[in-house]
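Asker: model this:
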Amino acid sequence: MVFFGEYQQSFSSPGRLLLPKKIRDLLKGNAFILTKGFNDCLAGFDKKDWESRAGNLMQVSLLEQENLEKRRFVFSSVTYPEIDDQGRFVIPKSLLQYAGLKDVVVIIGVGDHFEIWEAKKWKEYASSSTFTSSS
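Answerer: Numbers count the residues shown, from 1 in each chain. This is a model prediction of the structure:
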C-alpha cells in the first residue's frame, strides 16, 4: 500500500471531511488511525500498519527523554475515526485545533501514511521546502 497524491477538500460540516477515494481504497475496513503529525498536520494510517508501527515505538528505551516525548506526542492524540457510507469521517476538535483546520484542507499521500494539512500551511510548507527550492 502506497499513499500518494494531493487532494484539496472542504469540510461538509464542522469537523466532517470526505476522505478521497484513492486514499480510502488503500485502507482496510471503514476505520483508520488519525494522530498528530509533525509540522502541525495530522497523520493517517491503516489500522494494521499502525499496529506494527506502534509496536516499534514501544521497543525504544524510555530512559531517553526524546523517545519518551515522541511516544507522548503520538500516542496521546491517537483516534480511530470511522468512515461512513459516503466516505466521510469526523476529526475530533482537539486535532482540528492542533492542525488549525477550518475550511479547506489538503490531504497528501506520503507513501506509508497520509497527512491532512490546513491548505495555506501546506502551500507555505511546500513552497519553502528545501527539496522543492533546490530542484
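Asker: And the strands in this structure?
Answerer: 6-10, 16-18, 33-36, 42-45, 88-90, 104-109, 114-118 (DSSP state E).
Asker: Report the buried residues of the first one.
Answerer: Buried residues in strand 6-10, counted by 16 or more other C-beta atoms under 10 Å: Tyr7. Every residue, glycine included, has its C-beta placed from N, CA and C.
Asker: before we move on, the earlier item: as JSON lines, the strands of the chain with distance to Ser129 would be great.
Answerer: Output for the strands of the chain, formatted as JSON lines (distance: least, C-beta to C-beta, whole Å):
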{"stretch": "strand 6-10", "distance to Ser129": "13"}
{"stretch": "strand 16-18", "distance to Ser129": "24"}
{"stretch": "strand 33-36", "distance to Ser129": "20"}
{"stretch": "strand 42-45", "distance to Ser129": "17"}
{"stretch": "strand 88-90", "distance to Ser129": "28"}
{"stretch": "strand 104-109", "distance to Ser129": "12"}
{"stretch": "strand 114-118", "distance to Ser129": "13"}
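Asker: Neighbours of Ile33, how many?
Answerer: 21 (other C-beta atoms under 10 Å).
Asker: Check the one 5 residues further on too.
Answerer: Number of residues near Phe38 (other C-beta under 10 Å) recorded here: 10.
Asker: Taking the centroid of the chain, which residue is nearest it?
Answerer: Closest residue to the average C-alpha location of the chain: Ala43 at 1.8 Å, with C-alpha atoms, centre = their mean.
Asker: Go ahead and confirm that one touches Phe32.
Answerer: No: the pair Ala43 / Phe32 is not scored as a contact, 10.5 Å apart, by C-beta atoms under 8 Å.
Asker: Name the spans of the protein whose pLDDT lies under the cut-off.
Answerer: Residue ranges of the chain with pLDDT under 70: 60-63, 130-135.
Asker: Appreciated, that's everything.
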